[in-house]
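Asker: what follows is a protein structure lacking sequence information:
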């Protein structure tokens, strides 16, 4: 039987909670986004010069907001970050120009363990666009390879967050790159010979790296995906309804993740992100209206899973995929996502369902307020992401 929202609102006496929900959620998620790992590409030329292209959020660099923050609004300099990302490309370039020496002193390209002298060739900053996705600028560096050098090593500072690195030995009409390597927290790329072949990532490292990437995209960085899974969990404490929903969600996001990464689907973030936010609100509302699983709920979860798969694909497109182990990387990333979701479900079971699930007040005291909070967050995000 359906209950009207008004009946739930009156019967459970959560009017004050709903006001509290708006007061707590809305300010905390306003204009929030997540800083992505930087992408660094090194090209080594036969005449012994090199170029280095770094794709990153300059606004995040200027304010010391790195990938440790799952929400930019959690950072101490979040207000200044919002000022920078609203600037025109010309104005932001002026700010970065005064920051250049600091930037060059932080990044490090070494040849035979000696730091090379980097110089900024040019900087490309796009005009402000969709506010829920960080603006990605390109910093072009160049320099000379010292005579007699045998190896190189790349280091990106922890203060700027994680980065993915790859390199190539330039040959005319040959655009073959090494595999991407995800480097966390100031980790070195390792020493690479200037006379060797392109290094391919070992299979074990491909699997572990992409599982980790998928897991981190859920926990702790994917707050919207976390709330969607929690919304699925709150419908019922019984495992069968839960497994039906999780299975539908998994199959759906696997389909669109694969199709998007393969190039068959390409929807812009300004379409996908508001719809993902709306899916969160929808699941929260359904939890308020229903007490048990219905087939329509499984269908809804499947449809919204297709949208979340497109969101997952954005991460992989930014990070890149190994050419020789494409399928392995895709499956590994998906496994990492599933591990993240299962972690959320396990925590929900241990913290909520196991100790309280059989009590008669479980729904009015936990499901209703939790679903109200999820609905509130989803609606606020939807409005923001449409702006």
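Answerer: That came through, no problem. Note that the structure is predicted; figures quoted are calculated from it, not measured.
Asker: so for whatever helix or strand residue 377 lives in, mean pLDDT?
Answerer: Assigning secondary structure by DSSP states H and E places residue 377 in helix 368-386. In this model, helix 368-386 has an average pLDDT of 90.
Asker: helices or strands up against that helix?
Answerer: Here helix 368-386 touches helix 15-29, helix 223-234, helix 269-289, going by 3 or more C-beta pairs under 8 Å, 6 or more residues apart in numbering; DSSP states H and E. Where you see a C-beta, it was placed from the backbone N, CA and C, and this is true even at glycine.
Asker: quick one, strands of the stretch 151-300 of the chain?
Answerer: 151-155, 163-169, 181-183, 192-193 (DSSP state E, counting those that start in this stretch).
Asker: mind telling me which of those the model trusts least?
Answerer: Here the lowest mean pLDDT among the strands of the stretch 151-300 of the chain goes to strand 181-183, at a mean of 87.
Asker: from the chain's centre, how far out does that one sit?
Answerer: With C-alpha atoms, centre = their mean, to the nearest Å as the basis, strand 181-183 stands 15 Å off its chain's centre.
Asker: in it, which residues are buried?
Answerer: Buried residues in strand 181-183, counted by 16 or more other C-beta atoms under 10 Å: 181-183.
Asker: cool, and stretch 294-314?
Answerer: Within stretch 294-314, the residues that count as buried by 16+ other C-beta under 10 Å are 297-298, 300-302, 304-314.
Asker: ditto for stretch 359-378
Answerer: Quick answer for stretch 359-378 (16+ other C-beta under 10 Å): 362-363, 366-378.
Asker: and it, end to end?
Answerer: The first residue of stretch 359-378 is 28 Å away from its last residue (C-alpha to C-alpha, to the nearest Å).
Asker: next, the nearest residue to residue 357 once chain neighbours are set aside: phi, psi?
Answerer: Distances taken as C-beta to C-beta, 6 or more residues apart in numbering put residue 237 closest to residue 357, at 3.7 Å, once the chain neighbours are dropped. Backbone torsions for residue 237, taken as degrees, to the nearest 10, come to phi -90, psi -10.
Asker: follow-up on the earlier one: between the buried residues of stretch 359-378, which is nearest residue 86?
Answerer: Closest approach between the buried residues of stretch 359-378 and residue 86, by C-beta to C-beta: residue 377, at 23.6 Å.
Asker: from the buried residues of stretch 359-378, which is closest to residue 352?
Answerer: Among these, and counting by C-beta to C-beta, the member closest to residue 352 is residue 366, at 5.9 Å.
Asker: what sits against the closest one?
Answerer: Neighbour list for residue 366: 234, 352, 356 [criterion: C-beta atoms under 8 Å, 6 or more residues apart in numbering].
Asker: by neighbours, which of those residues wins?
Answerer: residue 234 (25 neighbours; other C-beta atoms under 10 Å).
Asker: who are the contact partners of that one?
Answerer: 287, 348, 366-367, 370-371, 374 are the contacts of residue 234 under C-beta under 8 Å, 6+ apart.
Asker: which SSE is the nearest residue in space to residue 207 that is not next to it in sequence in?
Answerer: Closest residue to residue 207 apart from its sequence neighbours, by C-beta to C-beta, 6+ apart: residue 332 at 4.7 Å. Using DSSP H and E, residue 332 sits within helix 326-348.
Asker: give me the contacts around that helix.
Answerer: 203, 206-219, 222, 225-226, 229-230, 233-234, 242, 246, 249-250, 253-254, 257-258, 261, 312, 315-316, 321-322.
Asker: which members of the residues you listed are classed as buried?
Answerer: 206-207, 209-219, 222, 225-226, 229-230, 233-234, 242, 246, 249-250, 253-254, 257-258, 261, 312, 315-316, 321-322.
Asker: quick one: which of those sit in helices?
Answerer: Within those, residues falling in helices by DSSP state H are 206-207, 209-218, 225-226, 229-230, 233-234, 242, 246, 249-250, 253-254, 257-258, 261, 312, 315-316.
Asker: ok, the residue nearest to residue 357 - contacts?
Answerer: Residue 237 touches 353, 357-358, 362, counting by C-beta under 8 Å, 6+ apart.
Asker: returning to that earlier point: closest to residue 88 out of the strands of the stretch 151-300 of the chain?
Answerer: strand 163-169 (26.4 Å).
Asker: partner strands of that closest one, with direction?
Answerer: Using DSSP bridges, the strands paired with strand 163-169 are strand 38-44 (parallel), strand 181-183 (antiparallel).
Asker: CSV for those, including distance to residue 146?
Answerer: Listed next are the strands paired with strand 163-169 as CSV, based on distance: least, C-beta to C-beta, whole Å:
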stretch, distance to residue 146
strand 38-44, 12
strand 181-183, 23
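Asker: quickly, which of those bottoms out on average pLDDT?
Answerer: Taking the mean pLDDT of the strands paired with strand 163-169, strand 181-183 comes last: a mean of 87.
Asker: which residues does that strand contact?
Answerer: Under C-beta under 8 Å, 6+ apart, the answer for strand 181-183 is 37, 154, 156, 162-166, 189, 201, 209, 212-213, 319.
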